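> build me a model from this:
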Amino acid sequence: MARIYEDLTSLQKRIRIIQRVVVVSVILIAVYLWKMQILDYNRYWQKAENNRLREIKLPPQRGLIVDRNGVILAKNKASFQVSFIRENAQDLQLSLERVARLLSMDKKELVARLDKYRSLPDFVPIVIKDDLSIEEVARIESNQMEFPELRLAMEPKRDYPFGPFASHVLGYLQEISLRELRIPQYQGHDVGDMIGKTGIEFQFEQELAGRKGLVVEVVDSLGRKVKELVRRPPTRGNKVYLTLDYDLQAKAEELLNGREGAIVVLDPRNGEILALASFPNYDPNKFIHRFSPEEWLSFVQDPSHPLENRAIRGLYAPGSIFKLVMALAGLEAKVISPWTTFFCSGTTVIYGHPFACWYQPGHGAMNLEKAIQHSCNIYFYNLGKLLGIERIAAYARQCGLGQLTGIDLPGEKRGLVPDPEWKRQNRGAPWYPGETISVSIGQGPLLVTPLQVAVLTSMIARRGQRIIPHLFLKVEKREGTSQYYSPPCEEEKPGLKDKKVFERIISGMWKSVNAGGTGQGARLEGYDICGKTGSTQVISRDTADKMKKKIKTHSWFTGFASRHDPRVVVTVIVEFGGMGGQTAAPIARQLFELYRRKYD
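Reported below is the predicted structural model:
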């Protein structure tokens, strides 16, 4: 019988293909297992540990901020917050709807909170609501089994017991951003942490923040605690003492209330700031809650700019306050003597243009002391013509204008001391001689901050020695030790060494307050206050005439006491307050009076 041979070629091909597929599949599985067990070991080990172990970070108590006498300005109080762990949500969209209902939140707000940190791993807890009420805490606790994606925790919440008091000094806290989390100085912080964003809270973040604690628990498959493996308690932040005097700060804020402006009170002997007030202010307690974008915009777009610290960031023309710098420059440069006299008839013509004195009838013959006493514009117009803008600018900078004072607060502005080079670079035009005449009485593009004026006044009071203003007095460490800080006084600047020059200027300032001058509104019986007023135009006389409007002026006063033993400097600016002698000087008098009652 013949044997029948079957052609198996096709079958063999199929077998070889299947073999190859099997081999490739085995290799792929092996590679995947190798990757999972070797390359991704840490990832899966962490997931496994997360299923068995639970780490709970314990937030520290933030350090107290107190005034020089121990009055608490910033403290903490107990609060609850709830976080969302995306990894624990089986159906994220359904979970968001249920959580929104449970917490009485707008789902859009909840989604926005999670989207903000979508670049982070799903197992990272994201704070979705804080400062929970007792009812909300109870609701979450009673539904914990149904909401494994929620984690409830207690945290110390920052509290400012006096609300807006000293808000521009203290600053405020806000949630740390993703950018800040990548900065080395914020190492140890996590998503949802609150950090200092402005003021002392920002400047001394490292001292105030403290260190987190840690609890490691063993949990069962339902997330219930079985036992505790590790407990490391948190370390509270250090206690920071400020140079502020509560009573002086409160008085300054009371006197400013309802009027835009700023007040600085400092000790010219060491630069300690006793009061630094800016109005309008804000309540930093509002910033503890996590803002929606709309809430934040309502703050930053407020036309009264309550977040702006006018004391260190407000830029104003100094007006007649600048005549003190002009007097220093004139005597030091020897273009005048104390007895040089100019006649004031109420108006004068310089470079073919008329320039007026604020006192239209005219002051008559004026020497330097009388010109300071009565704030005569004509005298300083003539002095400005003799000095020229380059020398004026040079002496202004030696007096600390156009540069940072060095205060231990973030965001200070430099101001502006104009000169021909500045105008060429910024306005593409030459400097005209008539502009020098305007600068001579503190007008034109010249800009200063109230703190710069206070430091200038301190330098005059100290007969040429400048100080660095500061708010930090000492830090009380957790270990019980204290670290004090006193900034060194700067050496006298070149060209400002002759103490006789300062005595002449101080004599004029004393007469301004005590002998019927423009600063007599600051006079205090039995207290040798030396001061200078200023009024700065917001619009020019010509513009006001064309618009048929009354000229609005900012009201300045700066001074010190006492004449021969200077211990306190007071600088006041009230926006649109009118003449300096009518508004700012009486405010200063009340602060001098309070200081004398407390310290003299």
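> can you pull the contacts of the spatially closest residue to residue 575 that is not a sequence neighbour?
What sits nearest to residue 575 in space, not counting adjacent residues and going by CB to CB, 6 or more residues apart in numbering, is residue 260, at 4.2 Å. To be clear about C-beta, it is placed using only N, CA and C from the backbone, and glycine gets the same treatment. Residue 260 makes contact with 279-280, 304, 310, 574-576, according to CB atoms under 8 Å, 6 or more residues apart in numbering.
> so which of the residues you listed wins on neighbours?
residue 310 (26 neighbours; other CB atoms under 10 Å).
> okay, and the helix or strand of the chain with the least pLDDT?
helix 541-547 (a mean of 51; mean pLDDT, DSSP states H and E).
> include secondary structure and distance to residue 387 when you put the contacts of residue 260 into a markdown table, please.
Shown next, in a markdown table, are those (DSSP: H, G, I helix; E, B strand; the rest coil; distance: CB to CB, whole Å):
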| residue | secondary structure | distance to residue 387 |
| --- | --- | --- |
| 279 | strand | 36 |
| 280 | coil | 39 |
| 304 | coil | 38 |
| 310 | helix | 30 |
| 574 | strand | 30 |
| 575 | coil | 30 |
| 576 | coil | 31 |
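> the longest strand along the chain - contacts with which helices or strands?
As assigned by DSSP state E, the longest strand anywhere in the chain is strand 72-84. Applying 3 or more CB pairs under 8 Å, 6 or more residues apart in numbering; DSSP states H and E, we find strand 72-84 packed against strand 65-66, helix 107-116, strand 126-130, helix 134-142, strand 150-159.
> walk me through the domains of the chain.
Following automatic domain parsing, the chain resolves into domains at 53-78+157-237, 246-341+367-372+384-599.
> re the thing from before, with mean pLDDT as new columns, can the helices and strands packed on strand 72-84 be given to me in CSV?
Output for those, formatted as CSV (pLDDT from 0 to 100):
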stretch, mean pLDDT
strand 65-66, 97
helix 107-116, 84
strand 126-130, 84
helix 134-142, 87
strand 150-159, 86
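> out of these, which comes closest to residue 171?
strand 65-66 (9.6 Å; CB to CB).
> what comes up buried for stretch 148-157?
149-151, 153, 155-157 (16 or more other CB atoms under 10 Å).
> C-alpha coordinates for the helix or strand hosting residue 474, PDB please?
Using DSSP states H and E, residue 474 sits in strand 472-476. What follows is strand 472-476, C-alpha atoms only, in PDB (Å, rounded to 0.1, in the frame of the first residue of the first chain):
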ATOM      1  CA  PHE A 472      14.000  93.600  64.700                       C
ATOM      2  CA  LEU A 473      14.900  93.800  68.400                       C
ATOM      3  CA  LYS A 474      15.800  90.300  69.400                       C
ATOM      4  CA  VAL A 475      14.900  86.700  68.900                       C
ATOM      5  CA  GLU A 476      14.100  84.400  71.800                       C
END
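> contacts for the next helix or strand along the chain from that strand next, please.
As assigned by DSSP H and E, the chain's next helix or strand after strand 472-476 is strand 482-484. Strand 482-484 is contacted from outside by 473-477, using CB under 8 Å, 6+ apart.
> strands of the stretch 301-450 of the chain, residue ranges please.
Secondary structure of the stretch 301-450 of the chain, counting by DSSP state E, counting those that start in this stretch: strands at 342-344, 347-350, 353-356, 364-366.
> select, out of the ones you listed, the one closest to residue 589.
Judged by CB to CB, the one of the strands of the stretch 301-450 of the chain that comes nearest to residue 589 is strand 364-366, at 25.7 Å.
> what sits up against that closest one?
The contact list for strand 364-366 (CB under 8 Å, 6+ apart) reads 341-344, 374, 376, 378-379.
> repeat that for stretch 176-192.
57, 81, 83, 116-117, 119-120, 124-127, 175, 193-195, 205-206, 211-212.
> contacting residues for residue 584?
With CB under 8 Å, 6+ apart, residue 584 has these contacts: 533, 555-557, 572-574, 577.
> repeat that with 6 Å
With contact taken as CB atoms under 6 Å, 6 or more residues apart in numbering, residue 584 is in contact with 555-557, 572, 574.
> try residue 140
82, 152.
> please report how far it lies from residue 154.
12 Å (CB to CB, to the nearest Å).
> likewise for residue 358?
Distance from residue 358 to residue 154, by CB to CB: 62 Å.
> likewise for residue 319?
As for residue 319, its distance to residue 154 is 54 Å (criterion: CB to CB).
> please apply the same query to residue 389.
For residue 389 relative to residue 154 (CB to CB), the value is 63 Å.
> specify the beta-bridge partners of the closest residue to residue 259 other than its chain neighbours.
Nearest residue to residue 259, sequence neighbours excluded (CB to CB, 6+ apart): residue 574, at 5.2 Å. Applying DSSP bridges to residue 574 gives these bridge partners: residue 261, residue 555.
> let the chain start at 329 from now.
Let's use 329 as the start, then, which means that last one is residue 902.
> quick one, what contacts residue 902?
587, 589, 883, 911-912.
> how about 10 Å then?
By CB atoms under 10 Å, 6 or more residues apart in numbering, the residues touching residue 902 are 583-584, 587-591, 607, 881-885, 908, 910-912, 915.
> any quick ChimeraX command for the buried ones out of those?
Selection command for ChimeraX covering only the buried members of the contacts of residue 902, criterion 16+ other CB under 10 Å:
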select :583,584,587,588,589,590,591,607,881,882,883,884,885,908,910,911,912,915
